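S.K.: Let me see the structure of the following:
(chains A and B)
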Amino acid sequence: GAGVSQSPRYKVAKRGQDVALRCDPISGHVSLFWYQQALGQGPEFLTYFQNEAQLDKSGLPSDRFFAERPEGSVSTLKIQRTQQEDSAVYLCASSFAAATYEQYFGPGTRLTVT
Amino acid sequence: AQSVSQHNHHVILSEAASLELGCNYSYGGTVNLFWYVQYPGQHLQLLLKYFSGDPLVKGIKGFEAEFIKSKFSFNLRKPSVQWSDTAEYFCAVRAGSSNTGKLIFGQGTTLQVKP
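M.R.: Purely as a prediction, here's the structure:
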């Protein structure tokens, strides 16, 4: 079956531009996570959705970062007024349920801010 | 705050050598533990996981890991590595009481296996 998909795979943005990154989770997966992975580091948690409800956004680094999942399926991570420090790979993961099931990761979107 | 430490950042082995990658975490409560692997050009995949029960868990491709609660460790092992094991390996922890399921990752270990 299809895994988690993300688009675009690569995004180059000029500093100050807004970007939107899309995640299509595995069908039927209730839980959806966004992580940020800087070069040479492990993924860092950004935010978590259960269906359409954003239950944890403690990892979002600033108010320039915004995520939504309006119908409980596809999710979008938006970054406003991008800065160079936003350059990273943004990973999306989904799971059947948050606390007791494994997370399946997508291929990521590599964002480069110039 | 929870944290995960992977001691080896870059490991180089010859084929057939044995592998052990260290992982220590800091969290006082019940934890779920994971090892993920990322092969070149591919996405993160789960190697193995520990939730409860037998502290020695076996995963895919001959990998295993042992949870030692007293040492807050979850080291990954493989008796004989292959060239195809070249990849980046991440240890991750999830608080057992977590209702959000967020994973805390270590910074990763790059494994290079020479043929």
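
S.K.: hey, let's count contacts and neighbours off CA atoms from now on
M.R.: OK.

S.K.: Now do the helices in chain A.
M.R.: With DSSP state H, there are no helices along chain A.

S.K.: Identify the bridge partners of the spatially most central residue of it.
M.R.: Central residue of chain A (CA atoms, centre = their mean): A:Trp34, 3.4 Å from the mean position. Taking DSSP bridges, one obtains A:Thr47, A:Cys92 as the residues bridged to A:Trp34.

S.K.: contacting residues for it?
M.R.: Going by CA atoms under 8 Å, 6 or more residues apart in numbering or on different chains, A:Trp34 touches A:Phe45, A:Leu46, A:Thr47, A:Tyr48, A:Leu77, A:Tyr90, A:Leu91, A:Cys92, A:Ala93.

S.K.: List the residues that contact residue 80.
M.R.: Let's take chain A. With CA under 8 Å, 6+ apart, A:Gln80 has these contacts: A:Gly16, A:Gln17, A:Asp18, A:Val19, A:Arg64, A:Phe65.

S.K.: Correction: the question concerned chain B.
M.R.: Contacts of B:Ser80 by CA under 8 Å, 6+ apart are B:Glu15, B:Ala16, B:Ala17, B:Ser18, B:Leu19.

S.K.: 7 Å instead?
M.R.: B:Ala16, B:Ala17, B:Ser18 (CA atoms under 7 Å, 6 or more residues apart in numbering or on different chains).

S.K.: and of the contacts of A:Gln80, the nearest to B:Lys69?
M.R.: B:Lys69 has its nearest neighbour among those in A:Phe65, at 36.9 Å by CA to CA.

S.K.: dump the residue contacts of the closest one.
M.R.: Taking CA under 7 Å, 6+ apart, one finds A:Lys78, A:Ile79, A:Gln80 in contact with A:Phe65.

S.K.: A:Arg81: neighbour count?
M.R.: Look at A:Arg81: counted by other CA atoms under 10 Å in any protein chain shown, it has 15 neighbours.

S.K.: right, and it touches A:Gln17 too?
M.R.: Yes: if you go by CA atoms under 7 Å, A:Arg81 and A:Gln17 touch, sitting 5.0 Å apart.

S.K.: Out of the contacts of A:Gln80, which is nearest to chain B?
M.R.: A:Phe65 (17.9 Å; CA to the nearest CA).

S.K.: May I have the predicted confidence score for the closest one?
M.R.: Note on A:Phe65: pLDDT of 98.

S.K.: Check B:Val31 too.
M.R.: Value for B:Val31, per-residue pLDDT: 89.
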